[in-house]
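K.L.:
Mind looking at a prediction? Sequence and model below.
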Amino acid sequence: MSERETKKSSIKEISPLDVYKLLPRTNCKVCGEENCMAFATKLVNQEILLESCTPLLEEGKYKKNYQKIWDMVKPPVRSVTIGTGENAVTIGGEFVMYRHEFTYYNPTAIAIDISDEMTKEEIGNRSKLIQNFEYHYIGQNLRLDLIAVRSTSSVPEKFSIAVKEVIKNTNLPLILCSHNPEVVKAGLKASEGKRPLIYAATKDNWLEMTELASTYNSPLVVSAPNDLDLLRSLSNTILEYGIEDIVLDSGTFPNEGLGKNINNLTMLRRASCKKYDELLGFPLMGNPMVVWFENTKSIEDVKWKEAYLASMLITRYSDIIVLHSLDGWVLLPLVILRENLYTDPRKPVAVDAELKVIGKPNENSPVLFTTNFALTYYTVASDIEKIDCYLIVIDTEGLSVESAVAGRKLTADKVGEAIKEFEIEKKVKHKKLIIPGRAARLSGEIEEVTGWDVLVGPLDSSGIIKFLNEKWKVGEIASK
Amino acid sequence: MAEKKREEGQLKIGSENNFIDTLGKFQELELEDVELEIGELELWIQPGTGAVAIQSTEKKSKPSQIVETKFEPPIMEYPGQVLEVILGATKGEGGSRSKTFTIGGERTLPYYSFESNMPNPPVISFDVFDTKIPLAKPVRAQVEEVLEDPPAWAKLSVDKFGAEMVNLHLISIDPLIKDTSPKEAAKTVENVLQAVDVPIAIGGCGDPSKDMKVFEKVAEVSEGERLLFNSVTLDMDIEKMANLMNKYGHIVIAFTSMNLDDAKELNRKLFEFMPRERIVIDTTTAALGYGLDYAFTVMERTRISGLMGDDQLQNPMSSGTTNAWAAREAWMKMEPEWGTREQRGPIWETVTALTLLLAGVDYFMMMHPSAVRTVKDVIGNLMKSKISKPEKYAEWIKMKI
């Protein structure tokens, strides 16, 4: 057979029973689950690794069954790991085209470029900026993932020096970028054991690049700009050669080529996720930094283009992207977009309705409420984390304040019930309730139902501290 | 191949003869986990029955040249199609607009031009408010002069910012704001219709009973203009609203809060009273970082369901993209490393819009001129989808910046 084809079903169509039949069925609990059926259920939901079933791996008699289960549950897009150790990045490993079909797994990895013609100082500073980029977003630290070292010089020695300089300043994994195998080889030697991603094997250099990937045990990008026949052929060839950690690059184009990006990436992802084409079942790459080819009057315009092109590539299936801009305003929407799209849509959007004790409140501390929509709750909680107070989380079936008021999921009665249920009147001496600005409509009714005085808070919870400092007269606000 | 053999259960290796017979039925045979001892088994194939390729999966010879294959574009069939809805009416059509827009009509997922082309580009409409409202600073700076003059605001949007359409939001009718009367509100609409000749959308304040009263008056005074009424919701008198649209020849946005069942229910109810070609659906837009993932996924599911044949979800989609400005990162002052809000705000609106564009939005309500310009450019480029000299871009590696 010249082409690999398997009959495979979507992960959603696999029944835990199909998996269960192939398991040891000893209920040995080594995997941490109560029994083999529980393990099978978790496995088809991708909540546990197949490798946790150690008897399946270790005992010879299960070898075939292991392979059968793996063929059933493995993602149609292979996961590829770049780098080693705790900073290694895994891309791909995706099961579906649309996140509502299951969930997306490994967020698009973001790489920033460094040129081998930069000075030592420039390389050092840029590496550190990339490594130190960080944004706090609802309980998470959003960061950048890799450094793409480009050989603009095409001189192996220069490339080697640049790669060493980057490694000296950061422990982020690398992409080594050159079409010249000699240059890449110099980079691989300079980063031995670090498993960088090689960019790229083309129709002209694939043999040398494949040999390098094999010798240095590195993943390899296969590049064929806007030529999917060639891309598939190269992938086929390299697979035959024995390299399996492949990343596909169908080229990225600005302006009139935007549609080509969307089409190529969509076709590739559909070929793997819907048609199970194993020659194309690999992570996809996008290079929004191609916008820098353009000579425009304003650098600001180029950065703007890079930002929005990158966002479109994140939305449409790129598993790894390379950018040049390091500006906060360019990167911020991108790290947040990828965080949003790679959130598991199967997880509830609601947090538990309960009384949150923030800091060390006393009987004079403020009492506020918000809804149990996860985004609303985390935003409010992080805004008031430095104040001692009580925060009532009301069950609005996971709606934000505004939607909950409009949809009658947040009512005066619900507020009243929460005050009773959480026994607020035993916790504080006062009867003053701070309500969200967007629930202002309910203030009269809440006063009637609860007998508490209502203080209408700010429209956005970022204003709560200022609001309390001005309006809270009961006791002192301990704002640290 | 191995699958096929197993399924058909035809391969029985009982005797050598039988084996050879069976081999003849296949064009190609792959042997797995079989140890062949030369001499013990002789394979001979009769001419014309095809060749036997014995391939070891363990040791392949390394290729020395590209092993060519073809890429078959994975085309899908969609039983459904998005409805086409026409916005605005010219003099000849009973209105007074200089042009009209047709939205919808898709036969494929957004910009999958490898399957079929997008029949109509999405339309971008500028938000105009009938009273002074709190606006993010970068937006306010653009419209400072016209904040309390809706006709002038509309004119500025069309003449200076190139608005294809205008959304006039009658928020002052809110009993909690100014409680503007239906008659006064209708007057404002007439003034805006006088000031600009593009198609217009009319937004209410969100109070179901007040909106209805105002819409009644506005629909009447603008008879025949095919205004886009924003919006009808499940808690309104749906029959009344539908009859209003029918009687005076307007279009309505069916608005629900990120819930496909609600969207279907509202459409089902509307279909009883009005033609489907007069309905646009809005499943709610949340800002990047503040629920965009839900908004995106609900829209993507809506479009996929519609194309797969669910006739309750086949209307063009509208997005209140201006909601992007609710994100703090769009309007708040931050540490200098994050840039100015004049930089962050417009890119926030742009990224929110482009993400939803790829989910299938046909009608955008937006605010910032730079964001609108960008989204318009992107739509134009996506509709063209062509590339000359793709190899050039492979040289990004060597590009000197």
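P.N.:
All right, it came through fine.
K.L.:
closest point of chain A to chain B, which residue?
P.N.:
Per CB to the nearest CB, residue A:259 is where chain A lies closest to chain B, at 2.6 Å. Just so you know, the C-beta spots here come from the backbone N, C-alpha and C atoms, and that holds for glycine as well.
K.L.:
near chain B, anything from the lowest-mean-pLDDT helix or strand in chain A?
P.N.:
Lowest by mean pLDDT, DSSP states H and E among the helices and strands of chain A is helix A:401-406, with a mean of 83. Yes: counting by CB under 8 Å from any CB of the partner chain, chain B is contacted by helix A:401-406 at A:403, A:406.
K.L.:
Provide the secondary structure category for residue A:148.
P.N.:
Using DSSP: H, G, I helix; E, B strand; the rest coil, the structure places residue A:148 in strand.
K.L.:
got a list of what it touches?
P.N.:
With contact taken as CB atoms under 8 Å, 6 or more residues apart in numbering or on different chains, residue A:148 is in contact with A:111, A:112, A:113, A:114, A:174, A:175, A:177, A:199, A:322.
K.L.:
Let's verify the residue of chain A closest to chain B: helix, strand, or coil?
P.N.:
helix.
K.L.:
so who does it touch?
P.N.:
Contacts of residue A:259 (CB under 8 Å, 6+ apart): B:111, B:113, B:381, B:382, B:383, B:384, B:385, B:386.
K.L.:
Roughly how far does the last one sit from chain A?
P.N.:
Distance of residue B:386 to chain A, computed by CB to the nearest CB, to the nearest Å: 6 Å.
K.L.:
which residue packs closest to that residue, ignoring adjacent ones?
P.N.:
Distance criterion CB to CB, 6 or more residues apart in numbering or on different chains; nearest residue to residue B:386, sequence neighbours excluded, is residue A:256 at 5.5 Å.
K.L.:
And what about that neighbour, helix, strand or coil?
P.N.:
Going by three-state DSSP: residue A:256 is helix.
K.L.:
and it, what pLDDT?
P.N.:
Each residue has a pLDDT score; the one for residue A:256 is 93.
K.L.:
In the stretch 51-200 of chain B, which residue sits nearest chain A?
P.N.:
Nearest residue of the stretch 51-200 of chain B to chain A (CB to the nearest CB) works out as residue B:71 at 3.9 Å.
K.L.:
Got phi/psi on residue B:325?
P.N.:
The phi/psi pair for residue B:325 (degrees, to the nearest 10) reads phi -70, psi -10.
K.L.:
From what I see, it and residue B:286 are in contact.
P.N.:
No: with contact defined as CB atoms under 8 Å, residue B:325 does not reach residue B:286; the gap is 11.8 Å.
K.L.:
More neighbours: which of the two?
P.N.:
More crowded of residue B:325 and residue B:286, by other CB atoms under 10 Å in any protein chain shown: residue B:286, with 26 against 23.
K.L.:
And that one, how close does it get to residue A:232?
P.N.:
Noted for residue B:286: a distance of 38 Å to residue A:232, by CB to CB, to the nearest Å.
K.L.:
And residue A:299, by the same measure?
P.N.:
For residue A:299, the distance to residue A:232 - CB to CB - is 38 Å.
K.L.:
who's more crowded, these two?
P.N.:
It is residue A:232, of residue A:299 and residue A:232, that has more neighbours when counted by other CB under 10 Å, with 24 against 12.
K.L.:
which element is the more buried one on?
P.N.:
Using DSSP states H and E, residue A:232 sits within helix A:228-241.
K.L.:
Point out the other helices and strands that that helix packs with.
P.N.:
helix A:206-215, strand A:220-223, strand A:246-249, helix A:258-273 (3 or more CB pairs under 8 Å, 6 or more residues apart in numbering or on different chains; DSSP states H and E).
K.L.:
buried residues in it?
P.N.:
Residues of helix A:228-241 classed as buried: A:228, A:230-241 (neighbour count, 16 or more other CB atoms under 10 Å in any protein chain shown).
K.L.:
cool, and stretch A:273-290?
P.N.:
For stretch A:273-290, the neighbour count (16+ other CB under 10 Å) marks A:273, A:276-290 as buried.
K.L.:
Helices - which of those land there?
P.N.:
residue A:273 (DSSP state H).
K.L.:
What is the nearest of the buried residues of stretch A:273-290 to residue A:166?
P.N.:
The closest of the buried residues of stretch A:273-290 to residue A:166 turns out to be residue A:289 (CB to CB; 17.0 Å).
K.L.:
residue contacts, the nearest residue to the closest one once chain neighbours are set aside?
P.N.:
Leaving aside its sequence neighbours, residue A:289 sits nearest to residue A:324 (CB to CB, 6+ apart; 4.3 Å). By CB under 8 Å, 6+ apart, the contact list for residue A:324 reads A:112, A:113, A:289, A:292, A:306, B:401.
K.L.:
Switch those residues over to a markdown table, and while doing so, append secondary structure and pLDDT to every line.
P.N.:
Below are these laid out as a markdown table (DSSP: H, G, I helix; E, B strand; the rest coil; pLDDT from 0 to 100):
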| residue | secondary structure | pLDDT |
| --- | --- | --- |
| A:112 | strand | 98 |
| A:113 | strand | 98 |
| A:289 | helix | 97 |
| A:292 | helix | 95 |
| A:306 | helix | 98 |
| B:401 | coil | 90 |
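K.L.:
Buried ones among those?
P.N.:
A:112, A:113, A:289, A:292, A:306.
K.L.:
Give me the below-cutoff pLDDT ranges for chain B.
P.N.:
Within chain B, the ranges that satisfy pLDDT under 70 run B:1-60.
K.L.:
one more time with 50
P.N.:
Chain B contains residues with pLDDT under 50 at B:1-58.
K.L.:
all helices for it, in order.
P.N.:
Going by DSSP H, chain B shows helices at B:2-8, B:16-24, B:137-143, B:150-159, B:182-195, B:208-221, B:238-248, B:260-273, B:292-307, B:328-331, B:341-357, B:369-384, B:390-394.
K.L.:
Which one of the ones you listed lies nearest to residue B:61?
P.N.:
Closest among the helices of chain B, using CB to CB: helix B:2-8, at 21.9 Å.
K.L.:
Give me the nearest residue to the residue most central in space within chain A, chain neighbours excluded.
P.N.:
Ranked by distance to the mean C-alpha position of chain A (CA atoms, centre = their mean), the top residue is residue A:107 at 3.0 Å. Leaving aside its chain neighbours, residue A:107 sits nearest to residue A:342 (4.1 Å; criterion: CB to CB, 6+ apart).
K.L.:
With residue B:110 instead?
P.N.:
Nearest residue to residue B:110, sequence neighbours excluded (CB to CB, 6+ apart): residue B:360, at 4.6 Å.
K.L.:
Please apply the same query to residue A:349.
P.N.:
residue A:398 (4.5 Å).
K.L.:
what pLDDT does the one you found get?
P.N.:
83.
K.L.:
my guess is it meets residue A:352, correct?
P.N.:
No: shown here, residue A:398 and residue A:352 do not form a contact pair, counting by CB under 8 Å, at 11.1 Å.
K.L.:
Whatever residue of the stretch 301-401 of chain B ends up closest to chain A: neighbouring residues, count only.
P.N.:
Closest contact between the stretch 301-401 of chain B and chain A, by CB to the nearest CB, is at residue B:385 (2.6 Å). Neighbours of residue B:385 under the rule other CB under 10 Å: 20.
K.L.:
just residue A:417 next, same as before
P.N.:
Residues near residue A:417, counting by other CB under 10 Å: 15.
K.L.:
now do residue A:204
P.N.:
By the criterion of other CB under 10 Å, residue A:204 has 10 neighbours.
K.L.:
Which secondary structure state is assigned to it?
P.N.:
Secondary structure, three-state DSSP: residue A:204 is coil.
K.L.:
if you skip the residues just before and after it, what's nearest to it?
P.N.:
The shortest distance from residue A:204 to any non-neighbouring residue, by CB to CB, 6+ apart, is to residue A:179 (7.6 Å).
K.L.:
Hmm, residue B:397 and that neighbour touching each other?
P.N.:
Yes: using CB under 8 Å, residue A:179 is in contact with residue B:397, at 6.5 Å.
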